[in-house]
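**Q** Here's a sequence, model it:
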Amino acid sequence: MSIPENIRQQAQSLRETVDLHNYRYYVLNAPTIPDIEYDKLFRELQQLEQHYPQLITPDSPSQRVGAAPLKEFSQITHRTPMLSLSNAFEEAEVDAFDRRVCQGLEVGSVEYAVEPKFDGLAVSLCYENGVFATGATRGDGYTGEDVTLNLRTVKSIPLHLYDGLHGNHQPTLLEVRGEVLMLKADFEKLNLQQRNRGEKEFMNPRNAAAGSLRQLDPGITASRRLTFFAYGIGMHEGGGMPCDRHSSMMDHLASLRFPVARERKVVSGTAGLLAYYREMGELREQLPYDIDGVAYKVNNLAQQEKLGFVSRAPRFAIAHKFPAQEVVTELLGIDVQVGRTGALTPVARLQPVLVGGVTVTNATLHNEDEIRRKDVMIGDHVIVRRAGDVIPEVVGVVKEKRPGNASEFVMPETCPVCGARAVRLPGAAVTRCTGGLFCPAQRKQSILHFASRRAMDIEGLGDKLVEQLVDHAIVRTPADLYKLGVVALAGLERMAEKSASNIVAAIAKSRGTTLVRFIYALGIRNVGETTAKDLVRYFGNLERLMAADMESLQQVPDVGPTVAQSIADFFAERHNCEIIEQLRAVGVYWQEGSGVQQEELNSSRISGKTFVLTGALPNLTREDARERIEAASGKVVGSVSKKTDYMVAGADPGSKYDKAIELGITILDEAALLQLLQDSYRT
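**A** Numbers count the residues shown, from 1 in each chain. Here you go, the predicted structure:
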């Protein structure tokens, strides 16, 4: 059968492309496409060669395993070839595999050993008289790289064999096949170290393991936590090695102290294979290491030998791959989402693509720095990853496919939701909206914070109720809380009239507050309770704080440029100021002072004075009294001593009161405390 010229050219192009990606994957440890894209190319080449057998050449990638070993390493010839497994992606392919095996063995049913398919780097370990002698990578399947010194640093690989079942009766030669990989937790730690050093991060644990094992300096390998799992035996001579079943060999390897997969099983027929596949699919995310599928092997070793091999794979085994967790698709655009805390997050808008069994149309790009680091441009073909329930993310770019009209992304200067200024403070990775009180994207978060115990302390106003109030457009800003009535609240889900009455009463009670609480309740970025106290102590009233410039703000103790910028940005937004006026209009109030200048911070009448609070005050809570004293530069302590300047006593004061009388300490009631605080401010 003659072969059309366009088919010859297509086959040649596919061979060159697959060879290039083999080189990048096996030699450079720097793949530029995910496995699923490589599998598509490889299968396309296989299908062409099956239809036109004359196209098959000895050097075709379809006839080879892996890639040539690196020249920097000396080479080791495998005693028996290290072939890879053929892949199945659909249940029908698994059923076809089982039927072929049964037909080849002329039996009605076959027993299979099944195990996770590790996503790491295949290696061969040779032991001579029970001592680890050499170790090599798979290489091209026949010759691998000598990485003995590096493998010696992998702590899970035994350097001496110990047979707990058969004493010291060791094989004279034992070749163990397995996978070197990096556990998920160790991968995260390694990439964190890479980031901290300003070095390139690894794309996934498989690349990290391969790159770590194939270091010319074993010290680098030793510094990275690698793990080994055995999955089979190449050959052996002497010793008590079982020769009947693969599962028995794996049990024996475990007795020799080789790590083996705990999840391995023995099953029968297609039904058993598929049940195991589904079971491992559910366990996949809980495993401490990455797997990309499961491996099925005829368990009976005599049956394995009878079935034999094809050019690059055994007939008695197959890998059943999971749906891809990394795929390539086109980046159509980059939208910006605004989170509950005002963070602006760039989100990739994608050509819909199936990832891990789910259609994905959007993926996170994290922040502007990540976009620059990964060199992502609108119009690129990008690699998208999805693992379990984790939000899909863009992990890389296929730069060979970058179109000429690809464009750079620019973070907007205003919030796409409310139009407020978007700012990125020095040293921050995230750009944020400054419209905290009025931005719809931050509405629920800002109201919850406003009502929290350390802020306005509105008891009963929790997550679910706030969600309903916002979703039903009953509350748009914190000021709307003070317009709520019992009828509106009682009409909400799970809200009875009594509960509604309690919440309305709690809201009314919160009208009287302190300036410290109010400033904290505004939710200004980087302004916590301590900073709020410092601001009130310095400025005394809200008007002075709102009018302060960067220079004035930085005169406040412990307020640096970042915090000052956050405060200035917040009050620069007109809508934030309008909501503060609305809050005052609905009756929110607090006691204000004139404040103190920097040179006067330590000259207030009670500055540095020590107070002890005891008993129940008629109007102020203990926390309210503490905040007012601290706002005037006083100090509140828990016990009475000779150093105590004032005791503030309410009803039922207890033993602290008696001790204060004994020491001659000035006793104040609530009214006297308020008068002292008022007199302490200088005008």
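**Q** Helices of the stretch 151-300 of the chain, residue ranges please.
**A** Using DSSP state H, counting those that start in this stretch, the helices of the stretch 151-300 of the chain run over 184-196, 205-213, 218-222, 246-255, 269-283.
**Q** out of those helices, which comes closest to V563?
**A** Smallest distance to V563 across the helices of the stretch 151-300 of the chain (Cβ to Cβ): 25.2 Å, for helix 184-196. Heads up, the C-betas are built off the backbone N, CA and C, glycines and all.
**Q** burial count for V430?
**A** Number of residues near V430 (other Cβ atoms under 10 Å) recorded here: 16.
**Q** do you know how far it is from F571?
**A** Using Cβ to Cβ, to the nearest Å, V430 is found at 21 Å from F571.
**Q** Also F187?
**A** If you measure F187 against F571 using Cβ to Cβ, the figure is 44 Å.
**Q** ok, G219 - how many residues close by?
**A** As a burial measure, G219 scores 10 neighbours (other Cβ under 10 Å).
**Q** cool, R315 as well?
**A** That count, for R315 with other Cβ under 10 Å as the rule, works out to 17.
**Q** quick one on the thing from earlier: so between F187 and F571, which is more surrounded?
**A** Shown here are F187 and F571; by other Cβ under 10 Å, F187 has more neighbours (23 against 19).
**Q** on that earlier part again, relative to G293, which of the helices of the stretch 151-300 of the chain is closest?
**A** helix 269-283 (8.0 Å).
**Q** Just give me how far the closest one sits from the chain centre.
**A** Taking Cα atoms, centre = their mean, to the nearest Å, one finds helix 269-283 lying 28 Å from the centre of the chain it belongs to.
**Q** And stretch 355-369, by the same measure?
**A** For stretch 355-369, the distance to the chain centre is 13 Å (Cα atoms, centre = their mean).
**Q** mind listing what's buried in it?
**A** V355, G356, V360, A363, T364, L365, H366, N367, E368 (16 or more other Cβ atoms under 10 Å).
**Q** Please name the residues that touch the fifth one.
**A** Applying Cβ atoms under 8 Å, 6 or more residues apart in numbering, one finds that T364 lies in contact with T345, P346, V347, A348, I391, P392, E393, V394.
**Q** Excluding chain neighbours, what is closest to the fifth one?
**A** Right, I391. In space, not counting the residues next to it along the chain, I391 is nearest to T364; the distance is 5.4 Å by Cβ to Cβ, 6 or more residues apart in numbering.
**Q** swap in the first one?
**A** Ranked by Cβ to Cβ, 6+ apart and with sequence neighbours excluded, the top spatial neighbour of T345 is Q337, at 5.0 Å.
**Q** The one you found sits in which helix or strand?
**A** Assigned by DSSP states H and E, Q337 belongs to strand 326-338.
**Q** Now the next helix or strand after that strand: buried residues?
**A** Toward the C-terminus, strand 326-338 is succeeded by strand 343-355 as the next helix or strand (DSSP H and E). Residues of strand 343-355 classed as buried by neighbour count (16+ other Cβ under 10 Å): A343, L344, T345, P346, V347, A348, L350, V353, V355.
**Q** Please apply the same query to stretch 73-93.
**A** Of the residues in stretch 73-93, those buried (16+ other Cβ under 10 Å) are F73, Q75, I76, H78, M82, L83, S84, L85, S86, N87, A88, F89.
**Q** Now do it: everything it contacts.
**A** 39, 65-66, 69, 94, 97, 117, 122, 124, 126, 134, 136, 138-139, 141-147, 175, 177, 214, 216, 234-235, 274, 293, 295, 309-310, 312-314, 317-321.
**Q** And stretch 574-583, by the same measure?
**A** So stretch 574-583 is in contact with 418, 420, 434-438, 477-479, 482, 522, 542, 546, 570-571, going by Cβ under 8 Å, 6+ apart.
**Q** If we use 6 Å, what do you get?
**A** G435, L437, F438, T477, A479, F570 (Cβ atoms under 6 Å, 6 or more residues apart in numbering).
**Q** Same check on stretch 303-319?
**A** For stretch 303-319, the external contacting residues (Cβ under 6 Å, 6+ apart) are 63, 65, 83, 85-88, 97, 104-105, 117, 293, 295-298.
**Q** Mean confidence (pLDDT) on it, please.
**A** For stretch 303-319, the mean pLDDT works out to 90.
**Q** what comes up buried for it?
**A** Of all the residues in stretch 303-319, those buried under the rule 16+ other Cβ under 10 Å are Q303, Q304, L307, R312, A313, P314, R315, F316, A317, I318, A319.
**Q** rewinding a little: may I ask which two of the contacts of stretch 574-583 are separated the most?
**A** Pairwise distances across those peak at 16.2 Å for A479 and F570 (criterion: Cβ to Cβ).
**Q** rewinding a little: out of the helices of the stretch 151-300 of the chain, nearest to A11?
**A** Comparing those under Cβ to Cβ, the one sitting nearest is helix 205-213, at 28.8 Å.
**Q** Buried residues of the closest one, list them for me.
**A** P205, R206, N207, A208, A209, A210, G211, S212, L213.
**Q** want to try CSV for the residues you listed, with pLDDT and distance to E263 as columns?
**A** As requested, these are exported to CSV (pLDDT from 0 to 100; distance: Cβ to Cβ, whole Å):
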residue, pLDDT, distance to E263
P205, 87, 18
R206, 86, 19
N207, 84, 24
A208, 88, 22
A209, 90, 19
A210, 87, 23
G211, 86, 27
S212, 87, 25
L213, 90, 24
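**Q** The contacts of stretch 303-319 in strands, which ones?
**A** The strands, defined by DSSP state E, take in N87, A88, K117, G293, A295, Y296, K297, V298 from those.
**Q** Contacts only, for the last one.
**A** To tie it back to what came earlier, the one meant is V298. Under the criterion of Cβ under 6 Å, 6+ apart, the neighbours of V298 are V110, Q304, F316.
**Q** and if you look at the fifth one?
**A** Each residue near A295 by Cβ under 6 Å, 6+ apart is listed here: E115, K117, A319.
**Q** mind checking pLDDT for the closest residue to the first one other than its chain neighbours?
**A** Same thing as E115. Leaving aside its sequence neighbours, E115 sits nearest to R264 (Cβ to Cβ, 6+ apart; 4.0 Å). R264 carries a pLDDT value of 96.
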